[in-house]
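> can't give you the sequence, but here's the structure:
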């Protein structure tokens with residue numbers, strides 16, 4: 001009877017919003033179900049495709065890109081959602097591979113890491129100049145901190161800051 005109760009709880013939980021396997025396991029564990037019951041419930045959810053961590057990673061990546069986030073930040077967010085680091089990396093590497101038949105469509109929608117970071121930097125620059133402020137080293141540092149918080153690599157950040165400095169820095 002508790003196995004059915006566990007499956008029922010799992011179904012209710014995933015019906016509210018898309019969840020990862022790890023989130024469902026944590027939820028059921030907090031509800032007091034046994035490990036074997038939880039595994040049975042997860043197997044059932046997988047069978048009906050109610051949980052699919054690989055699909056979740058890909059969808060979350062696209063969503064994160066739309067918000068201007070870098071891959072590092074997206075990976076950290078996915079880890080917090082209880083997806084194993086290995087699964088995240090393998091899935092995203094495969095998803096972003098040029099061998100993926102949807103690669104061109106994905107790139108046109110998400111842009112490259114550098115282009116997304118440039119968009120963030122350009123937006124900050126427009127707002128900064130639009131408010132009548134001059135571009136100085138403090139502003140460049142602010143752009144760098146913002147890009148770090150969004151999860152961009154150092155190489156990308158330096159490229160964006162270099163672009164801002166070359167084009168706009170007051171001496």
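Structure received. A quick note: this is a predicted structure, and the numbers were derived from the prediction, not measured.

> Okay, now the unreliable bits of this structure?
Along the chain, segments meeting pLDDT under 70 span 1, 169-171.

> try it again with 90
Counting by pLDDT under 90, the chain contains low-confidence residues at 1-3, 108-111, 133-137, 164-171.

> quick one: the longest helix seen in it to chain centroid distance?
Determined from DSSP state H, the single longest helix within the chain is helix 113-130. Distance of helix 113-130 from the chain centroid (C-alpha atoms, centre = their mean, to the nearest Å) equals 20 Å.

> in that helix, what counts as buried?
Residues 113, 114, 116, 117, 118, 120, 121, 124, 125, 128 are the ones in helix 113-130 that count as buried (16 or more other C-beta atoms under 10 Å). Placement of C-beta: from N, CA and C, glycine included.

> ok, then the element right after it?
Counting by DSSP states H and E, the next helix or strand C-terminal to helix 113-130 is helix 137-149.

> Apart from its chain neighbours, what residue comes closest to the residue most central in space within the chain?
Closest to where the C-alpha atoms of the chain average out (C-alpha atoms, centre = their mean) is residue 74, at 2.5 Å. Of all residues not flanking residue 74 in the chain, residue 64 sits nearest, at 4.0 Å (C-beta to C-beta, 6 or more residues apart in numbering).

> which residues does that neighbour contact?
Residue 64 is in contact with 73, 74, 77, counting by C-beta atoms under 8 Å, 6 or more residues apart in numbering.

> And for residue 97?
residue 103.

> which phi and psi does it have?
Backbone torsions for residue 97, taken as degrees, to the nearest 10, come to phi -80, psi 140.

> how close does it get to residue 156?
20 Å (C-beta to C-beta, to the nearest Å).

> Residue 15 now?
Residue 15 is 39 Å from residue 156, where distance means C-beta to C-beta.

> next one: residue 39
For residue 39, the distance to residue 156 - C-beta to C-beta - is 41 Å.

> Between the two, tell me which one has more neighbours.
Higher neighbour count among residue 39 and residue 156: residue 156, with 23 against 14, using other C-beta atoms under 10 Å.

> Tell me if I'm right that that one and residue 113 touch.
Yes. Between residue 156 and residue 113 there is a contact under C-beta atoms under 8 Å: 5.6 Å.

> How about the contacts made by residue 46?
Counted by C-beta under 8 Å, 6+ apart, residue 46 has contacts 21, 52.

> Residue 54 versus that one, what's the distance?
Using C-beta to C-beta, we find residue 46 at a distance of 11 Å from residue 54.
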